[in-house]
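**Student:** Got a predicted structure plus its sequence, pasted below:
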Amino acid sequence: MKIIKYNEADSNFFSKIEFENISSVSEIIKAVRENGDSALREYSKKFSDGDITEFKLTEEEIQACIKSMDKNTEEAVKYAVNNVKEFARAQFNSIKEMEININGNILGQKIIPIDSVGCYIPGGNYPLPSSAIMTIVPAKVAGVKRVAAMSPKIKPVTVAAAYYAGADEIYRIGGVQAIAAMAYGTESVKKVNKIVGPGNKYVTSAKKLVYGECGIDFLAGPSEVLIIADDNANIDFVAADMLAQCEHDKDARAYLICFSEDFAKKVENRACEFLSNLSTKEIAEKSFSDSVAIIVNNIAEAVDLANKKAPEHLELVFNNCEKYINEFKNYGSLFIGKYSAEVFGDYVSGTNHTLPTNQVAKYSGGLSVFDYIKIQTYQIVSENALEKTAKRASLLADKEGLSAHKLAADIRLLK
């Protein structure tokens, strides 16, 4: 881990990842779009998903996966599903349909769920049942009729999580070919209106390329955590939380903002001790070595760095941190206090773990029920308000030089 001072946090620290189109990704998307299932089979075999004949899991296969789980794992999955569902319901209930009278015209908004959504669940390095829960549950709470879940090398625990979360269809398809299948459809897969879920750089590139054919949630880069800790923070907690982020992949990053070099070195030493016993040591060690600790002089400098970095996960573990919550503006999700480990948000606390990275948090929040609905407006212009409305619309249309617009307003005054 590199240790620097506040004034040494330069453009390299704040740099963003540029998502370039990868030529091989374009080729796979084109093949799936043109050749459908045959291309899915070809690429599934090529990328070690196996020689797949049937992409969609049958009800019998799903139930077999559920029965294969031990009871403790099943209980943990259900616990996570229930918490995420309860929070998503509260979010959904915070928005309302409404209608208002403005100058005699009735204006309103309706909340309409998206018809179909595809949820991508990574499964390359590790099975990720948590991503099934986080992407599927809010979709069903929002009222999405058809939710299709796709994952490579799909494991029984992921199948069970997708089932309990409410998926209508579960497929053993991964990678770029899964994104293409959801975007364009094949003989076995019906296209969806929107694709959500995390993935590697190839999946992200694919989502970027199919955007417009369908919607996407956002383009996510490697996972990251930023922890602000004072000298009284629990060193074991901080070190463990940094490594939990680092083990995602070699491009993941953990950032520590603290107030003394001594504390930073203690965290680094403890992390190195933990690393020796991790099964994910190879990945976590590389990621941790490229991570950064920044020594600041005061809270104001810490706030400044955090708001500029806009991290995916932001942990506050310094004295009286609750007093400063409103000063932090840019983050995917906020974890307040020493017991609020980022890992709890990953799995079971109830907030969503599909979060903006790569400074996307400067203009967007994490995945939620709001990503699965459309706020659509309507209006009823009354006869009593027609003259006032039409005359002003006619005047503005004339100023813009749009004569047919003016005609459409004026003609209603003649009837």
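**Tutor:** Everything's here; your move. Numbers count the residues shown, from 1 in each chain.
**Student:** rest of the way, CA atoms for contacts and neighbours
**Tutor:** Noted.
**Student:** Which stretches in the protein count as strands?
**Tutor:** If you assign secondary structure with DSSP state E, the strands in the chain sit at 2-5, 98-102, 105-113, 116-120, 146-150, 169-171, 194-196, 215-216, 224-229, 253-258, 292-295, 313-317, 333-336, 373-380.
**Student:** residues in contact with stretch 316-327?
**Tutor:** For stretch 316-327, the surrounding residues in contact (CA atoms under 8 Å, 6 or more residues apart in numbering) are 227-233, 303, 334-338.
**Student:** One more: stretch 215-225?
**Tutor:** Counting by CA under 8 Å, 6+ apart, stretch 215-225 makes contact with 17, 193-201, 204, 207-208, 242, 245-246, 248-249, 251-255, 311-315, 355-358, 367, 371, all of which sit outside it.
**Student:** Ser289 contacts Ile3, correct?
**Tutor:** No. With contact taken as CA atoms under 8 Å, Ser289 and Ile3 are classed as non-touching, separated by 10.6 Å.
**Student:** what about stretch 379-387, distance to the chain center?
**Tutor:** Going by CA atoms, centre = their mean, to the nearest Å, the spacing between the C-alpha centre of stretch 379-387 and its chain's C-alpha centre is 43 Å.
**Student:** got the end-to-end distance for it?
**Tutor:** Between the start and the finish of stretch 379-387 there is a gap of 16 Å, counting by CA to CA, to the nearest Å.
**Student:** Also stretch 350-361?
**Tutor:** Start and end residues of stretch 350-361 are separated by 19 Å (CA to CA).
**Student:** do the same with stretch 270-288
**Tutor:** Distances were taken as CA to CA; on that basis the terminal residues of stretch 270-288 are 12 Å apart.
**Student:** One more: stretch 255-266?
**Tutor:** With CA to CA as the measure, stretch 255-266 spans 15 Å from end to end.
**Student:** got the contact list for it?
**Tutor:** Applying CA under 8 Å, 6+ apart, the contact partners of stretch 255-266 are 3, 224-231, 235, 242, 291-298, 302.
**Student:** Turn the contacts of stretch 316-327 into CSV, including distance to Val32 and pLDDT.
**Tutor:** Putting those into CSV (distance: CA to CA, whole Å; pLDDT from 0 to 100) gives the following:
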residue, distance to Val32, pLDDT
Ile227, 42, 98
Ile228, 45, 98
Ala229, 48, 98
Asp230, 52, 97
Asp231, 54, 97
Asn232, 55, 96
Ala233, 51, 97
Val303, 46, 97
Leu334, 39, 98
Phe335, 41, 98
Ile336, 45, 97
Gly337, 47, 96
Lys338, 48, 95
